[in-house]
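Student: what's the 3D shape of this:
(chains A and B)
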Amino acid sequence: MTTSKILMSLTASALALAAAPALAGPVMDDIKAKDSLICLVSATAPGFSVPDSQGVFQGFNADFCRMAAAAILGDATKADIRGVGFSDSMKTIVAGEAHMGSRSITQTGTRDADEGMAFVVTTFFDGQGFMVPSALGVQSAAELDKANICAEDGSTTLLNIADWFAAKGMTYRVENIADKTARLEAFFSGKCDVYASDVTALTADRQLAPTPGDYVILPEVISAEPLTLVARPDQALEATLFWAFQVMLNADAHGVTSANVDDIVADLAQKPADVQRLFGTDAATTDMAAKLGLPQDWAYQVVKQVGSYGEVFERHLGTGTPFGLDRASTLNAHVADGGLMYPYPIR
Amino acid sequence: MQHSPPPAARKPPDRLGTVVVALILLALAVLGANIWLNMRGAGVTPGFGFLAQTAGFDLSENLIPYAAKDSYARAILAGLLNTVLLALAGLVLATVVGVLMGLVSVSPSPAGRVVALLYVELFRNLPKILVLLVLYVLAVRGLPPVREALSLGPFHLSNRSIYMPMFEPDPSQIWLLLPLVAGALAAFWWGRRARRIKWETGRELPVMPVAVALLLGLPMAFALLADVPLVPTIPAFERFDFAGGARLSVQFLVVLLTLGLYHGAQIAEVVRGGILAVPTGQVEAARALGLTPRHVTRFVVLPQVLRIVIPPMINQYVNLIKNTSVAIVVGYSDLMSVSGTIINQTFRPLEMMLITMALYLGLSLLASSVMNRLNEALRARSARSAP
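Tutor: Below you'll find the model as predicted:
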């Protein structure tokens, strides 16, 4: 129900965007003139954006900065990725000091109403979830009647839990602990049965457990936190970000990755029409390139230099990483797998 | 009946004081008006109407029935009662610990003095929030998880709570307050009578057993006669936790212990100072009269210490009441925790801070006025008994 609502609003906003005439705007011109794209990320978000030993930001969110640079400038390394605090990042974009932001900003009505900032496309559907010790044998949050729940004091988490349990006719006991150390100690020592927070925070916090594998995140997500790319308002830039992301989703749907994209392009005539439209020299993407003022092979560059959506997800958050997020069990799965990632048609 | 007091001498008007007070009032008025105008400008009307809105969050524990569907005002009341409970228990514990350690610190035993010194210096020199976190982590790690709870009959101990049998709550139990108050009054009367008899005849009458019998016996008899339901419930383990009975949460006990130890150390110093201030001649005279050391302490030293230490103790007690707000760190839903959550939800920091400040101020003033009364009563009594 909630899922389809999100999907509908996403579709509606995407349609509005797609329908708008795409003219190169001042922000796009500025990026090209500087030959560099200033992109704001969070300075300390393991898995999403943290500086590596060379001081270069790595992570899920940082890769969408690279996606934009690859699409617009043909070179992912031309993304000037800067770590900025949450409220400062929105101010910086509104003040025109950065081109875009990729830093887990939840798209909300009041934020989008601000004319200095445009929400473009949701790269990660987060939401509040529950983590339990696997020893409890709990498969679903519906089994949590009368459980003890640890949550951050003063947060909206407390409200979401209260609403959700009331709606299910279940009761619980809350441990609203302000201090994070105390909260995690309480959970890992079994003082609480359940730890409630945003799913991404749960995956990060699970790494702090003595044995992370002893804890599972339940499939239910009880609040909507669509983490969305933000751009300085500019139709060409917004359309580029939106469709570059769709290229990554389409590549994901067709199993195209940075590793096999060269082979696929070399043998393009044998591939499905959808794939041909992505990478062909006389395809939908070349038509878009001319209208948006992008390099002709922008779609290829995005996949080659950054990868498909699934690839980026697995690289930074997936089961092979310390986060161990099983994409298929999140809202970020492909729509065919029950997720919200719905590749728009590129034609 | 009494002489009217002599007319007060006319004092010269205090011009400087008047000016200072006027300036302070003016500054406050400007500040208030400024805040109000700015809030108006931002489209926010200051007001307390939001207190009637639904709170929407739950508390870790509550002394009155409270649920997420209740109003903010009720959430504040529940938080306030949690703070009051913690403060009362903390005052008792800190006083007991402080007086004992204060006595030990001046005892003839060198080992006792070293223990008291170590205790006082350790807890006086650590931030209480650190003490709280250390105790909390030790408690949740050291105590067994709920599925491996230590059990002694119907009592269970886990890192979640202490569980114990209790009577099923029932609204009609409020009537039990009547015999309870009657029992307390009767015990009080008995105590005074016993003291008078001892004063007049030297005969010792039992006081404590009678008081306990009155306080327990009267409500029991009343419940039996008036048919007040007292159905015992015993904690039993369910899927996730014990249900039934009553519980004392570990976070409450840990905050209580922190406050007791932290302020106990400071009270120990106050008591030590008070004891050292009693002239040694008093002790020597009491010994010369043949009083045992225990009686010297009980009847000669402590009564004099009490008068000396009450003013600094008021300070300690008020500090302890304010320091209950560290409870937020480990998840005891006190006034501060409720207030912070409401601010995050309603974005009415000004109104909520005013309410919270007024409530803490009220609690502290109440405590210090009670202590001041006690101080005056003691002084009046010592003035009466003085030659």
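
Student: burial count for residue B:171?
Tutor: 7 (other C-beta atoms under 10 Å in any protein chain shown). Every C-beta, even on glycine, is put in place using the N, C-alpha and C of the backbone.

Student: repeat that for residue B:50.
Tutor: For residue B:50, the count of nearby residues is 16 (other C-beta under 10 Å).

Student: now it: phi and psi?
Tutor: Taking degrees, to the nearest 10, you get phi -60, psi -20 for the backbone angles of residue B:50.

Student: could I get the contacting residues of it?
Tutor: Residues near residue B:50 by C-beta atoms under 8 Å, 6 or more residues apart in numbering or on different chains: B:72, B:346, B:348, B:351.

Student: which among these gets closest to residue B:379?
Tutor: Distance to residue B:379 across these (C-beta to C-beta) is lowest for residue B:351, with 41.6 Å.

Student: could you say what helices and strands the helix or strand containing that closest one packs with?
Tutor: Using DSSP states H and E, residue B:351 sits within helix B:349-385. If you count contacts as 3 or more C-beta pairs under 8 Å, 6 or more residues apart in numbering or on different chains; DSSP states H and E, helix B:349-385 packs onto helix B:72-105, helix B:302-323, helix B:335-346.

Student: circling back to that earlier point, and which of the contacts of residue B:50 is nearest to residue B:168?
Tutor: Relative to residue B:168, the closest of the contacts of residue B:50 is residue B:72; by C-beta to C-beta it sits at 29.6 Å.

Student: measure the closest one to residue A:192 for me?
Tutor: Using C-beta to C-beta, to the nearest Å, residue B:72 is found at 25 Å from residue A:192.

Student: ok, now residue B:145?
Tutor: Residue B:145 is 10 Å from residue A:192, by C-beta to C-beta.

Student: so which of these two has more stuff around it?
Tutor: residue A:192 (29 against 15).

Student: helix, strand or coil for that one?
Tutor: At residue A:192 the chain is in coil, as set by DSSP: H, G, I helix; E, B strand; the rest coil.

Student: residues near the residue lying closest to it once chain neighbours are set aside, how many?
Tutor: Nearest non-adjacent residue to residue A:192, counting by C-beta to C-beta, 6 or more residues apart in numbering or on different chains: residue A:150, 3.7 Å away. Residue A:150: 25 surrounding residues under other C-beta under 10 Å.

Student: the helices in the chain, which residues?
Tutor: Picking chain A for this. Using DSSP state H, the helices found in chain A span residues A:2-19, A:26-34, A:60-73, A:86-94, A:109-112, A:156-168, A:180-188, A:199-206, A:235-253, A:261-266, A:273-279, A:284-292, A:298-305, A:309-316.

Student: please go with chain B instead
Tutor: B:15-41, B:72-105, B:110-124, B:128-142, B:177-201, B:208-226, B:250-277, B:280-288, B:293-295, B:302-323, B:335-346, B:349-385.

Student: to residue A:243, which of these lies closest?
Tutor: Between those, helix B:335-346 lies closest to residue A:243; by C-beta to C-beta that is 38.1 Å.

Student: what's the closest one in contact with?
Tutor: With C-beta under 8 Å, 6+ apart as the criterion, helix B:335-346 contacts A:153-156, A:158-159, A:176, A:178, B:50, B:53, B:55-57, B:59, B:72, B:75-76, B:78-80, B:82-83, B:325, B:327-328, B:331, B:348-349, B:352-353, B:355-356, B:359-360.

Student: filter these down to the buried ones.
Tutor: Using 16 or more other C-beta atoms under 10 Å in any protein chain shown as the burial test, the contacts of helix B:335-346 include A:153-156, A:158-159, A:176, A:178, B:50, B:55-57, B:59, B:72, B:75-76, B:78-80, B:82-83, B:325, B:327-328, B:331, B:348, B:352, B:355-356, B:359-360 as buried.

Student: return the residues of chain B in contact with chain A.
Tutor: Neighbours of chain A within chain B, by C-beta under 8 Å from any C-beta of the partner chain: B:56-60, B:68-69, B:133, B:136-137, B:140-141, B:145-147, B:159-160, B:238-241, B:243, B:250-251, B:328-331, B:333, B:337, B:340-341, B:343-345.

Student: returning to what we had before: buried deepest among the helices and strands packed on helix B:349-385, which one?
Tutor: With neighbours defined as mean count of other C-beta atoms under 10 Å in any protein chain shown, those peak in mean count at helix B:335-346, which reaches a mean of 23.

Student: what average pLDDT does that one get?
Tutor: Averaging pLDDT along helix B:335-346 gives 86.

Student: could you tell me the angle between it and helix B:72-105?
Tutor: Counting by axes from the mean of the first three to the mean of the last three C-alpha atoms, to 10 degrees, helix B:335-346 points 150 degrees away from the direction of helix B:72-105.

Student: of all of the stretch 51-200 of chain B, which residue lies closest to chain A?
Tutor: Minimum separation of the stretch 51-200 of chain B from chain A (C-beta to the nearest C-beta) falls at residue B:145, amounting to 3.4 Å.

Student: residue B:226 - how many residues pack around it?
Tutor: If we define neighbours as other C-beta under 10 Å, then residue B:226 has 12 of them.

Student: got the contact list for it?
Tutor: residue B:175.

Student: domains in the chain, by residue range?
Tutor: Let's take chain A. Chain A breaks down into these domains under automatic domain parsing: A:2-126+A:225-336, A:128-217.

Student: ah, I was thinking of chain B
Tutor: For chain B, automatic domain parsing gives the domain ranges B:52-144+B:248-385, B:170-227.

Student: show me what the nearest residue to residue A:193 once chain neighbours are set aside is bridged to.
Tutor: In space, and not counting its chain neighbours, residue A:193 is closest to residue A:147: 4.4 Å by C-beta to C-beta, 6+ apart. Here residue A:147 sits in beta bridges with residue A:172, going by DSSP bridges.

Student: ok, the residue minimising distance to the centre of chain B to residue B:103 distance?
Tutor: Nearest to the mean C-alpha position of chain B, by C-alpha atoms, centre = their mean, lies residue B:88 at 1.9 Å. Distance, residue B:88 to residue B:103, by C-beta to C-beta: 23 Å.

Student: swap in residue A:109?
Tutor: Using C-beta to C-beta, we find residue A:109 at a distance of 65 Å from residue B:103.

Student: could I get the contacting residues of the closest residue to residue A:25 other than its chain neighbours?
Tutor: Closest residue in space to residue A:25, ignoring its immediate chain neighbours: residue A:234 at 3.7 Å, by C-beta to C-beta, 6+ apart. Applying C-beta under 8 Å, 6+ apart to residue A:234 gives the contacts A:25-28, A:118.
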